[in-house]
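Asker: no sequence on this one, just coordinates:
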């Protein structure tokens, strides 16, 4: 949604309290706003980063109870209550996040669910917090000397905060941190290979989502003027998740839409169902549960997805300016030809009793293409992963320009200037090709959350996009820049991966079977591009099955069999090597 | 606290812990075979117990009504598929067999409510009803989502949990119920009174675990489940029908859940939503076992039961706070012992 449309929406919303709207709708509007704030956090957390939290209501509760307790027991200003609430929430989110972010996806939702329940029972059992009766007599928020003591007055504050948060979050999602999160959601290996610190990025998203929920809790406490544990139960957390799923996790506007839809639906159910069933409150949750399941089965895009399809819009997640950059991204200083870039020294790797790589040494120089070949199961992929830092060797060392790489840390290897492609293409199919390639420049740009949210990253972002365009052009993909990644043909996807790797401005390029699935013409193109990169002084390590390509392209070949290096040399030397022939064709004797 | 009280608390804790252990084993089973984090497991506990309560008081259990509705939905979906893909005897046979089983279990439910039948029979009827409900839920909710990620399946589980809790309230009402003890025996060992009920629960839990290990170690069906858990695609390639494995896993989980409920009902009052919290404690145990290890999960469950019984003795109001906060050190432990290499998984 463009700035103009957002501004129009803001004007309409902020004019609402002046209009002759009934109190009922003002109240609904207030609740929608407060819920939307929490749901916004989930758009970032679940929609972008792919982390599900069943504990957001507990963060809302932390914000609400902190301010409620401080303002009633000590009579402090609600604004101080907000600060204290944010501080406590941040600490809780950091602790919880540190405990769970390293674990694979499903432990976090479980952790948040249990933790949310624990906090709910804590609210309900602490004497100081009024047990299950809660706290009453919470003062309204004062803007200067004006108390926001009616629904109409607080409406402005709520919606101003919601709209500002929405804009900030939208800015965040289309820039560097947003791309990193979306890459993480696709695959941690992909994000790591681009230099993204997975744990840190996830933790940051988790904290931002928690803080949004905490602000919502603060607004809730001062609007209601009383708090009790019920609105912060696990059921409420699930409701927030439902809102963001119904609205559509792909867009910040989905959160607003989902909050509105769910609250109106709930209200409707509460009024209708007693007539239909004669009972109160029973079928509401059933309807909720069934709606959630049907949505998952039939529409994963949510309401916003339906609307977004109806109104034509820009390409989404990408700045599209071409050549508008006023500056270029910094590039590494060129490395002199024939400098040893990669030096692998006696590395070994075992899996249990299986020796996958045994005492292998070789090196790759700047301006040289080295092909790594060998029969199936020879240990090529393992060696490749050892070099890229995805695996750590049990013995030996991998050095890059004389620096020993930290084992098992793909991220730090990427920061040293090693870029890779994947045997099975990894990308975000819902981002544009341009945005996917921009991800490659993660290490070369520095914009953090705050600058991204405030839109202070224009210049850097333009430079990143400009660089991405250049890489795409090099691989002949400039026409597809604004298409979605998922719409590319397999061959183009592989070339896109190489563009992305180049956006990292690497000294060493690792290519894992780049020609697999490519048509003949595409292979020729690939060959030409790789040759061009070599002449620019890039070191390239190539794992490939296509012998014609490898023999024609590589300066040297390293041949593996059963984890051991059996030959090394120029392609035509290796072709004559007896041991190589034996490995490929079986021994004659 | 003296030794006598401590011994009593340990016994009490182990009894409840044995129930958590059963649930933890069921959760691990469902997760490893289907990748579903099965939040609604606890609902089976309430459903099982309260169905027996209904049979005890001579009422036809409402769970039969739920079963019929779910079955009709499943068959409608099957017929719809038939209409689209063309006639197939296999599908028709499947529907007919399903129809016969469902009708049989419903009839047993009616007989159980109206005629005098022994308690074991009532327990069996209740378990059968809940098992059928469990498999129908799997077919309706999870089969269409088979290729979805763990997270989508988890969100779906939460949906199922909400729906089943609401239906539970409609079926059983808000009041809780207790059943008379299964075994009305007591024995005194020194100063400690051992109740027959806790022995019964312990024995049942042990038997269930033995049966499971026999099932997985010795039967073809069990080995197929294990293979599916290990590698879905591989299992499919050697001819194991992974869809059936999923149904079977859910059926076993439902049987374990409802049996736990029936065992627990004489000890504590069961409400329509009691199962959720019990199930979650089973979850913490399952997480202790990393969602994959049966023995570690079972030991964890016993520990949670004992801890909970001691906490309840000291400060009953904060019991749930402490038990659920327990997940944090557990996650910390898992986080520290986590191996980086296996990070990339299919989700």
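Answerer: Looks like it arrived, so ask away. Nothing here was measured: the structure is a model prediction, and the numbers come from that model. Numbers count the residues shown, from 1 in each chain, chains lettered A, B, ... in the order given.
Asker: what's the following helix or strand after the helix or strand of chain B with the lowest mean pLDDT?
Answerer: When the helices and strands of chain B are scored by mean pLDDT, DSSP states H and E, strand B:186-189 comes last with a mean of 69. Tracing the chain C-terminally past strand B:186-189 and defining elements by DSSP states H and E, one meets strand B:192-195 next.
Asker: give me the contacts around that next one.
Answerer: Applying CB atoms under 8 Å, 6 or more residues apart in numbering or on different chains, the contact partners of strand B:192-195 are B:4, B:7-8, B:11, B:181, B:185-188. No exception for glycine: its C-beta is placed from N, CA and C like everyone else's.
Asker: report the buried residues of the least confident helix or strand of chain B.
Answerer: Buried residues in strand B:186-189, counted by 16 or more other CB atoms under 10 Å in any protein chain shown: none are found.
Asker: what's the answer for stretch A:526-546, then?
Answerer: Buried, per 16+ other CB under 10 Å, within stretch A:526-546: A:526, A:529-530, A:533-534, A:537-544, A:546.
Asker: the least confident helix or strand of chain B pairs with which strands, parallel or anti?
Answerer: strand B:192-195 (antiparallel) (DSSP bridges).
Asker: starting at the chain centroid, how far to the next helix-or-strand element following the partner strand?
Answerer: The element immediately downstream of strand B:192-195 (helix or strand, assigned by DSSP H and E) is helix B:196-218. In terms of CA atoms, centre = their mean, to the nearest Å, the centre of helix B:196-218 is found 14 Å from the chain centre.
Asker: before we move on, back to that, nearest to chain B among the buried residues of stretch A:526-546?
Answerer: residue A:543 (17.9 Å; CB to the nearest CB).
Asker: my guess is the closest one meets residue A:372, correct?
Answerer: Yes - the pair residue A:543 / residue A:372 is scored as a contact, 4.8 Å apart, by CB atoms under 8 Å.
Asker: list residues touching both of the two?
Answerer: A:380, A:384.
Asker: rewinding a little: ok, which pair from the buried residues of stretch A:526-546 is furthest apart?
Answerer: A:537 and A:546 (24.7 Å; CB to CB).
Asker: tell me the contacts of residue B:44?
Answerer: B:130, B:134, B:253-254, B:256-258, B:261, B:275.
Asker: again, but for residue B:14
Answerer: B:198, B:202, B:302, B:305-306.
Asker: ditto for residue A:509
Answerer: Residue A:509 touches A:419-420, A:498, A:501-502, A:533, A:538-541, counting by CB under 8 Å, 6+ apart.
Asker: now distance to residue A:44 too, for those, in JSON lines please.
Answerer: Listed next are the contacts of residue A:509 as JSON lines, based on distance: CB to CB, whole Å:
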{"residue": "A:419", "distance to residue A:44": "28"}
{"residue": "A:420", "distance to residue A:44": "28"}
{"residue": "A:498", "distance to residue A:44": "30"}
{"residue": "A:501", "distance to residue A:44": "27"}
{"residue": "A:502", "distance to residue A:44": "29"}
{"residue": "A:533", "distance to residue A:44": "37"}
{"residue": "A:538", "distance to residue A:44": "36"}
{"residue": "A:539", "distance to residue A:44": "38"}
{"residue": "A:540", "distance to residue A:44": "37"}
{"residue": "A:541", "distance to residue A:44": "37"}
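Asker: out of the residues you listed, which comes closest to residue B:21?
Answerer: residue A:420 (45.4 Å).
Asker: find the nearest non-adjacent residue to the closest one, please.
Answerer: residue A:510 (4.0 Å; CB to CB, 6 or more residues apart in numbering or on different chains).
Asker: count of neighbours near residue B:234?
Answerer: 11 (other CB atoms under 10 Å in any protein chain shown).
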